[in-house]
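Chemist: generate a structure from the sequence data that follows.
(chains A and B)
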Amino acid sequence: MSAPVTRPAPLPEELAAPERTGRRGAALVQRLVVVRELGILAALVLLVVVTVVANPRFLSGQNVRDLLLSAAILTVLAAGQTMVIVTRNVDLSVGSVLGLSAYATGTLLVVAPGTPVVLAVLAGMAVGAVCGLLNGLIVAAAGVPSLVVTLGTLYAFRGLDSLWASSADRLQINAADLPGGFKSLGTARLLGVPVLFLVAVVVVLLVGYYLRTFRSGRELYGIGSAPEAARLSGIPVGRRVLTAFVVNGALAGLAGVLYAARFQTLDTTAGTGQELFVVAAAVVGGVAIFGGSGSVYGAALGALLLTTIGTALPQLGLDPFWRDAAVGALILAAIALDRALTLRLAARLRGRNARRDR
Amino acid sequence: MTVETAPAPAPSGGSAAAGGAPARRGRTLPSGSVITTFLVLFLVIAAVSVEGFASTRNAGFLLLDVVVIALIALPLTLVVVTGEIDLSVASTVGLSSAVMGKLWFAGLPLEAIIPLVLLLGAALGAVNGLLVTRLGLPSLAVTIGTLALYRGLAFVVLGDQAVADFPRAWTTWAISSIGSTGIPVVVVPLVVLVLVTGVVLHATPVGRSLYAMGNSEDAARFSGIDVGRTKLWLFVVTGVVSALGGVYWTLRYGSARADNATGLELQVIAAILLGGVSIFGGSGGLLGVVAGALLLGSVRNALQLVNVPSDVLNIVTGVLLITAVVAPQVAARVKGRRRRRPAS
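Modeler: Residues are numbered from 1 along each chain as shown, chains lettered A, B, ... in the order given. All right, here's what the predicted structure looks like:
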């Protein structure tokens, strides 16, 4: 069910307009998405240049690697969230899912230190997928807004996490408890690039390929543009939305594993408040919160931009507390920009149709 | 003050559910009277089976916990009835608290600080309202943005410090009770506000226009209601009341902190939806919302008394919230199926 139930009326029509006007309209939307991605890239470059001028050490090897590591986790979350938001839903529970799966993975490795890394990763993803399945089932089957459902599960999953930790008498898992093989995943590099970041890149490419190439991937956009039209045209809306939630949950689970590998100290607060940054990354990256448009590459760039802002602020001599405020301001700016672009696009398409009809 | 004041049912749920069937307005199950019955039943059961639940001391604690939630739920109910939402209320509480602490630290008297903080709340609400009504942005997205923005500004204002040296007289007043009844003094102004809001929502043309907006914004507009201006004012009032909640929160705990009331929006929204207000707008009543807030508070309080860890309380709140939105949908679907059968 749609996140913006609050104001659904005007949007589907505008966003569906390109479909009615055929390929040229679609090309225009495509161009807008590309322009949007280039815009974020430009903002990112500008931010880096300004920061480097203020503090040349910003681009030192270790600093960049730290930045990529932090961005990796947010990028994986943003990639999953993109799939959900494109269907005009939202998943606010991802921070809690991350925490739960990080703790589950940590516990597994403490209990069975010999577990191969691949198995640990799969276990973490499975925990996330189950959480996503629960979200998706409630949303798709009962037809209630995903916002409310996932606001509820945000607290429920987090509660489950701390309940598990307190009943297992293991409130914190420390680096010393984790096997070396897993810890090396957090520090490993390939050609100087952190492996965790490469994992994130692979996830983004896979999700991007799926959304663009697969029929079921394209259908997610159709559902987000006009749910009723999608249903009438025979798209199994409920099943597709459920899939988006499950994949998003599994990716949040993967993010939890990456978190465990990177920080190696796990308590029940892992990932608290991440949902804001994730939604912000996607929205800033041009994924329209009303569904139906945006790309996972934009969302990934958004995640990179937000992470860079976080690390650049102190380098620029600004209080790091400004970061959260900046995130909020960026969300507002991004949705306002989307609104303006959508209105202009609709106006242009109307003009074009009028000319053709004449 | 019943739920039946809602005008005639609206068009076919407009926004189609991406999930199951087309969205139905969840008017069916927990109407105000159902949730009130639940509340009374729960209170009776808890009073009998939970030791210490029925004491005046505990009743006082319970009410103190519910005060801020119920207070903010009042204007937010009106917002939800019009089909909008405000997720930034808890961040407004935090920012108000932080500013209050900062100004007190700077040496201003509380008599001057409180009006300033309420003014700040009005400004924060106006930002939400203007973005929603003037730019036509969805309130959900706007208030997720301001949720982050206002909380971030709270940290910018006060950092991770706490300001705690508020005058004794004020902080004890905030938790004092009427005589030996255990009922907190602040319940009195709250009851007045509940009555005022109830009359506005259920007995005035303004209230009816809110339901009309929630059922069909276009129809409301055609019938001469200034939808934009009304919604703008609702957001402003929500901001002011949330700031008032921030002032009270600060005095009650005697501590101004930037992270005060983090996550409180969940409990407020849970109370509203539990009270039978449809998240799609256009239906619900204030009696149910007050009962919903009391039920949530009582359940948490009773669980605390039997030593259930606080983590479980969050699970319970989350599950209650989901149940509150799922139950009416499922009930509507079952009813719809039963009605369709004879016809086919």
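
Chemist: which ones are touching residue A:164?
Modeler: A:100, A:103 (Cβ atoms under 8 Å, 6 or more residues apart in numbering or on different chains). Any C-beta I mention is one placed from the backbone N, CA and C, and that applies to glycine too.

Chemist: tell me which element it is part of?
Modeler: helix A:146-167 (DSSP states H and E).

Chemist: could you list the buried residues of that helix?
Modeler: Going by neighbour count (16 or more other Cβ atoms under 10 Å in any protein chain shown), the buried part of helix A:146-167 is A:146-165.

Chemist: now do it, average pLDDT.
Modeler: The predicted model assigns helix A:146-167 a mean pLDDT of 87.

Chemist: and for stretch A:315-335?
Modeler: 83.

Chemist: how many neighbours does residue B:253 have?
Modeler: As a burial measure, the neighbour count of residue B:253 was computed by other Cβ atoms under 10 Å in any protein chain shown and equals 18.

Chemist: helix, strand or coil for the closest residue to it other than its chain neighbours?
Modeler: Excluding the flanking residues, the one nearest residue B:253 by Cβ to Cβ, 6 or more residues apart in numbering or on different chains is residue B:260, at 7.5 Å. What DSSP: H, G, I helix; E, B strand; the rest coil gives for residue B:260 is coil.

Chemist: so what's the residue count around residue A:120?
Modeler: The criterion is other Cβ under 10 Å. On that basis, residue A:120 has 24 neighbouring residues.

Chemist: where does pLDDT dip in the chain?
Modeler: No chain in the question, so chain A it is. With pLDDT under 70 as the threshold, chain A has low-confidence stretches at A:1-33, A:354-358.

Chemist: wait, chain B was what I had in mind.
Modeler: Looking at chain B by pLDDT under 70, you get B:1-31, B:337-344.

Chemist: in a helix, residue A:91, correct?
Modeler: No: counting by three-state DSSP, residue A:91 falls outside a helix, being coil.

Chemist: for it, grab phi and psi.
Modeler: In terms of degrees, to the nearest 10, the main-chain angles of residue A:91 are phi -120, psi 100.

Chemist: for residue A:298, same thing?
Modeler: Backbone torsions of residue A:298, given as degrees, to the nearest 10, read phi -60, psi -40.

Chemist: let me see the ranges of the strands in the stretch 201-344 of chain B.
Modeler: Residue ranges of the strands in the stretch 201-344 of chain B, as given by DSSP state E, counting those that start in this stretch, are B:256-257.

Chemist: report how many residues lie close to the closest residue in space to residue B:139 that isn't next to it in sequence.
Modeler: The shortest distance from residue B:139 to any residue other than its chain neighbours is 4.1 Å, reached at residue B:84 (Cβ to Cβ, 6+ apart). Neighbourhood size, residue B:84 [other Cβ under 10 Å]: 27.

Chemist: right, and the secondary structure at residue B:84 would be what?
Modeler: Look at residue B:84: counting by three-state DSSP, its state is coil.

Chemist: for the helix or strand where residue A:249 lies, buried residues please.
Modeler: Element membership of residue A:249 [criterion: DSSP H and E] is helix A:237-263. When neighbours are counted by 16+ other Cβ under 10 Å, the buried residues of helix A:237-263 are found to be A:237-238, A:240-262.
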